[in-house]
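Student: pasting the structure only:
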């Protein structure tokens, strides 16, 4: 009976799979194009020309990328995960799911990553996935003329949220080839309400996305055909495949604990720094009055960051020595058929030419080669770098010097990049930064104890600690635990070090939470999105504020505008014009001699829709029943054109004819609107509000008369803190009458 | 601020880790003991003596095992997962969390598995984990004299559920060495209410459990010291480690889809058969009037099943030929230091002695050996068998004949065993049955296409399909998807075939759901546990019954017994004695001339607690305030001694003195009890009821007068079907007054 839902889920998954495939192919293609142009100069060791070319191509990309965000996207700022999280929490955010946002974000993200900025495509990809989820379940037949059977069924808030959730998960599944990780990511970070049926559907959607991406990528790399179609090589599917599992010793927990704590500290610092930079950025741009000038300034900032980045990438390796290739496996060496590897090898080689270019066997040639550590670490946004760092058995491949340099550079530049006016993601930078300091810790161990070869000390491998470090920093910044652990397993295929990773991740989260909120939560707050956490987190009163001691009445807004069951048109228009509330309680008299009691609620868009249809207006004492409007007509979330609306309201308010006309709201109100009594515990009020995903909660007295209303904004942590902090707990146990009189 | 909670979680995890370690060690020890006794006869090929010895030892174990359940456990039946699921859903089930149940289940499970019955220790282990979670968070200082700091804080329903959930997850984490799988298992199957904070705590608990088990097992095997303490070998940690990952072709999806559908069909059939057998069993035992006779009959049944099992294990291999050892790796061959492997090899050899016992090199000896397929498949409850079947590159190791025989035998005997009077789990049998038919499908492919050696066809490996088959059958029976996928990755360390497994699992679930409910849901129904699903599943009216079209009033019970705020003792006692309701709405008059409105609820145990304290009784018109009882004293879930209670109630009812005495309920009622209006949509009523985990929901009219009550039992699927099926939808849009008059 639910086949159409599964069908839509499958379609969403497939579409996101195709999108993920395309984005990666285009990025690969652009990167190859870019390096191809400077290949000759690089070979000749002409770094100035390399720099000039790289800068030229990169600038073109960056200007286009940033321009797309600033001038093309409707909001003019890069949007991403926080907006999606906010939407799924129940906030309505304008213009995050429209086609211009999609095109702008898509283009901006591809160009930014290809240009060489320190960022990855994951964050924007999640947003794109969410847009696809929203769009495909919401096909408007009259626009595209393609009629998706029965999607009208899904035009309601609950289903829409489900499809958006699934879309976000599928995006992760597609970029990491990690279907289960994607699913868990939505569960842990993205979705606010969640049930097992949604989980199964998301599971299916993620499966389809991962499969589609795998299938399409199986034979193409940067749009160049290599290998058989439909043949999934483990090498390619598992992003950072760790081939040799290590037997573990309990001693490995000591450095893992250290890495976990370090990850928490550095992660919290990263969040602090990024939010500070973003605040500064906001403040700075707000000082520029002229919109066009402000937009140009945003674009200029991106250009500056890019110039800094590319200069570092090209010139920094110059100060590093050449390291002999010892443990890098032969598969990374150039071979004629593999164009990409060839290139990436040339970048690693930088200024280090083979000591003697013999025509000897491959083996000899291999051992004569040297490479530049810094060049290997800095090129290609870190994707390749993570592979190098995770590799087991390469104890001495990278030295302290290059690792520290890359760590510092990446930390600062990726912190600067995240939040600038390009659509960029932080996942790859986070993994990379973590891998860098993890490797350093591993190297310290190797320096102290030497390279261990016997079975029981094999765990002392810098590659292992790079992986643990990556997980710890990711967790320190994002405070993810479960999904992160699963994603790590899916991208490394190493179940053996799972427990170490879990421990580091857990510690990083705990230590990080001690200092501040996760990056996404901080961004939600910075962007003023009223997000309701599972339970409110108080930062000022760490120990205080037990919500059980307060009641619903302590936070509710008084003086609620209520509507009558049969309401006057002029009054309605006047109330809509003079307030900005988005929901109104409707009251009625059960019997003529009784007072008015609460019956249900009606929303502003519904009222607008009703007012647009004059046919349903009636006289006060008429017995005739006007025609009913259909459900589809009034169940809308979109507000009509602003100006038109204002005109209509003004007309209704002033024209005396409408003073005599009424509208019977009864068929249209939501009679299943939840209400609580004023003495209801605030703790439970919060739980009800959040778990049912409400936007308004009417507060009534013991006889069901409306006394107040609670909205989302009344329940955000800092609002609660402000309202309740000064107030003495009103204690649960008081008589009902006291508090209302 | 929440450190004590984490501490308790950690303690629970550690305790479960130790328990998991002990259970496995004892099982290993008992199995070694058993085989050790028959070793000589086995070597001599004297199967009759082997049979007699095995039967003798086994019978002792089985009688003890079944005896523990039947005579020692308070309920007299094996309990397990369904009870835990029911408890977490909000049902209160007596005696599932007590110390006798713990000891009984623990002993019974160890003995049943060691005896050789076709079952595993996982199901009971989950129950044991839940008991530990319950117990450790609930330490009663006065009994054990160990005072756990501040656990009193956690003596409430919500926290108790959290600890039980975490305990169940930790049990899975411990037995499978799968911490993330355990966590997801609780999320998908066990817990009804769930939030991200609980997830993190469960994550930590699972981590501790897996770590403790790993650490303790690192050097012991059946209590024999082998290897270094604190050194975790991947070989041992990853239960069914798949060492060589295969590059995958898209063609592999065809057999995977087939296996998925087959898994669904066979799984649904298994559930059907098991439930039928259990019904028959229930019916049969209910015909026996005398309790002691009934108990003995239950015990006898287990004995019969065991005799059948052991006879099959010992004699069936006799009809099979010897197969040369070709692809089984040398590590399985006997070596002096490894006692267990030696034994398990001897069992595999059965009647197949090496053709020539040369004193040549190990290599030669290895290739001269032969073994008995059926013996290898049937011995040791399947644990070893799964390892054999999952192994890659062993295309011809097992033939159709032995596979089919093992499949049929396991299917029937494990179906018979599950539900008999021993504490037994189905996880290992499910994996094994699936692996058997998966291997058969793989073998068919090999028969058709031959053994493929080139890279692109390497996927045609019976070992791969055994793994996919195992997952599909598990899913077909349990309808798990997400957690199952993660568990499969954690026990095989094969991310590469993840997508195939996901697909098979998804299909098996869909196909299975077409026929019946999952095994656990069916058992919940069979055991009459009122479980509320995420949404009600209707089996008679597959398309009908849109709950949106009904209202709360359509299912509520009328004629509610309400209490006054100041209630007469005699009346209270009489109402408690004459009804069995466990919750009562409390009403009061806001003003003398108004009618009584709903204020809150009070539960039966709370009323009992109040009635026990005569000091708080007062006269009707007194102004004096009697002393207040403390929260701890009345917040109890346990009913006092039945007889004592009856006596007290009788005394209050008859003694005329109590006619004059009253009790002021106001300080003790739950004023945050949710109520809905009678016209409230049934759909939303259901959601509120389930997501807030309620037991009673008061239904009020527009003026907040009590008109009805909804309990858990009114909302179970088949009750809804019964009540609403005949009735015409009452339609949401009616006037409020109509329906109440």
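Tutor: That came through, no problem. Just so it is clear, the structure is predicted and the values come from calculations on it, not from any experiment.

Student: Tell me where the model's unsure across the stretch 51-200 of chain A.
Tutor: Within the stretch 51-200 of chain A, the set of residues satisfying pLDDT under 70 comprises A:139-153, A:155-156, A:193.

Student: I figured residue A:349 was touching residue A:379, is that so?
Tutor: No. Taking C-beta atoms under 8 Å as the definition, residue A:349 is not a contact partner of residue A:379, at 10.8 Å. Every C-beta, even on glycine, is put in place using the N, C-alpha and C of the backbone.

Student: any idea which element residue A:601 lies in?
Tutor: Counting by DSSP states H and E, the element that carries residue A:601 is strand A:597-603.

Student: Give the buried residues for the following helix or strand past that strand.
Tutor: From strand A:597-603 onward toward the C-terminus, using DSSP H and E, the following helix or strand is helix A:604-611. Applying a neighbour-count criterion of 16 or more other C-beta atoms under 10 Å in any protein chain shown, the buried positions in helix A:604-611 are A:605-611.

Student: mind checking how far residue A:506 is from residue B:122?
Tutor: Remark: distance between residue A:506 and residue B:122 (C-beta to C-beta, to the nearest Å) = 25 Å.

Student: ok, the strand holding residue A:601 near chain B or not?
Tutor: Yes. Applying C-beta under 8 Å from any C-beta of the partner chain, one finds strand A:597-603 touching chain B at A:597-599.

Student: on that earlier part again, higher neighbour count, residue A:349 and residue A:379?
Tutor: Neighbours per residue, other C-beta atoms under 10 Å in any protein chain shown: of residue A:349 and residue A:379, the larger number sits with residue A:379, 24 against 21.

Student: Find the nearest non-adjacent residue to the more buried one, please.
Tutor: In space, residue A:379 comes closest to residue A:347 once its chain neighbours are excluded; the distance is 4.4 Å by C-beta to C-beta, 6 or more residues apart in numbering or on different chains.

Student: for the strand holding residue A:601, packing partners?
Tutor: With contacts defined as 3 or more C-beta pairs under 8 Å, 6 or more residues apart in numbering or on different chains; DSSP states H and E, strand A:597-603 has these neighbours: strand A:583-588, strand A:696-700.

Student: Let me know the angle separating the helix or strand just after the last one from strand A:583-588.
Tutor: Using DSSP H and E, the helix or strand that directly follows strand A:696-700 along the chain is strand A:706-711. Orientation check (axes from the mean of the first three to the mean of the last three C-alpha atoms, to 10 degrees): strand A:706-711 against strand A:583-588 gives 160 degrees.

Student: So strand A:706-711, near chain B or not?
Tutor: No. Applying C-beta under 8 Å from any C-beta, one finds that strand A:706-711 is not in contact with chain B, the shortest distance being 12.2 Å.

Student: report the angle between the axes of that strand and strand A:696-700?
Tutor: With the same axes, to 10 degrees as the criterion, the two stretches strand A:706-711 and strand A:696-700 enclose an angle of 160 degrees.

Student: For the stretch 551-700 of chain A, list the residues in contact with chain B, please.
Tutor: Contact residues, the stretch 551-700 of chain A versus chain B (C-beta under 8 Å from any C-beta): A:588, A:590, A:594, A:597-599, A:666-667, A:671-672, A:674, A:676-677, A:679-681, A:683-684, A:687-688, A:691-692, A:700.

Student: Would you mind listing what in the stretch 251-400 of chain A touches chain B?
Tutor: Within the stretch 251-400 of chain A, the positions adjacent to chain B are residue A:251 by C-beta under 8 Å from any C-beta.

Student: what do you get if the cut-off is 10 Å, keeping everything else the same?
Tutor: Residues of the stretch 251-400 of chain A lying close to chain B (C-beta under 10 Å from any C-beta of the partner chain) are A:251-253.

Student: Could I have the buried ones of these as PyMOL selection syntax?
Tutor: Selecting the buried subset of those in PyMOL, with 16+ other C-beta under 10 Å as the burial test, is done by:
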select buried, chain A and resi 252+253
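
Student: Make a markdown table out of the residues of the stretch 251-400 of chain A next to chain B and add distance to residue B:8.
Tutor: Converted to a markdown table, these look like this (distance: C-beta to C-beta, whole Å):
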| residue | distance to residue B:8 |
| --- | --- |
| A:251 | 28 |
| A:252 | 27 |
| A:253 | 22 |
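
Student: Identify, from the residues of the stretch 251-400 of chain A next to chain B, the entry nearest to residue B:85.
Tutor: Distance ranking of these against residue B:85, using C-beta to C-beta, places residue A:253 first at 34.1 Å.

Student: surely the closest one meets residue A:501?
Tutor: No. Shown here, residue A:253 and residue A:501 do not form a contact pair, counting by C-beta atoms under 10 Å, at 11.6 Å.

Student: neighbours around residue A:2, how many?
Tutor: Applying other C-beta under 10 Å, we find 9 other residues in the vicinity of residue A:2.

Student: Show the contacting residues for the residue in the stretch 51-200 of chain A positioned nearest to chain B.
Tutor: Per C-beta to the nearest C-beta, residue A:195 is where the stretch 51-200 of chain A lies closest to chain B, at 4.9 Å. Contacts for residue A:195 were tallied using C-beta atoms under 10 Å, 6 or more residues apart in numbering or on different chains; they are A:162, B:194, B:534-535, B:687, B:690-691.

Student: likewise residue A:574?
Tutor: Here residue A:574 is in contact with A:568, A:649-650, A:652-654 (criterion: C-beta under 10 Å, 6+ apart).

Student: what about 6 Å?
Tutor: Taking C-beta atoms under 6 Å, 6 or more residues apart in numbering or on different chains as the definition of contact, the neighbours of residue A:574 are residue A:653.

Student: Quick check: it vs residue A:657, distance?
Tutor: As it turns out, when the distance is counted by C-beta to C-beta, residue A:574 lies 15 Å from residue A:657.

Student: give me phi/psi at the residue in the stretch 301-450 of chain A that chain B sits nearest to?
Tutor: Checking the stretch 301-450 of chain A residue by residue against chain B with C-beta to the nearest C-beta singles out residue A:392 as nearest, at 12.6 Å. Note on residue A:392: its backbone torsions stand at phi -80, psi 150 [degrees, to the nearest 10].

Student: Tell me if I'm right that it and residue A:463 touch.
Tutor: Yes. Taking contacts as C-beta atoms under 6 Å, residue A:392 lies within contact range of residue A:463: 4.1 Å.

Student: Those two: which has the busier surroundings?
Tutor: Set side by side, residue A:392 and residue A:463 show unequal neighbour counts under other C-beta under 10 Å, the larger going to residue A:463 at 23 against 19.

Student: and that one, helix, strand or coil?
Tutor: helix (DSSP: H, G, I helix; E, B strand; the rest coil).

Student: OK, contacts around it?
Tutor: Residue A:463 makes contacts with A:390-392, as judged by C-beta under 6 Å, 6+ apart.

Student: For my notes, please list these in JSON lines and give pLDDT for each entry.
Tutor: Rendered in JSON lines, the data for these read as follows (pLDDT from 0 to 100):
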{"residue": "A:390", "pLDDT": "87"}
{"residue": "A:391", "pLDDT": "84"}
{"residue": "A:392", "pLDDT": "82"}
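
Student: Format the residues you listed as CSV; extra columns: distance to residue B:324.
Tutor: Listed next are those as CSV, based on distance: C-beta to C-beta, whole Å:
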residue, distance to residue B:324
A:390, 42
A:391, 40
A:392, 37
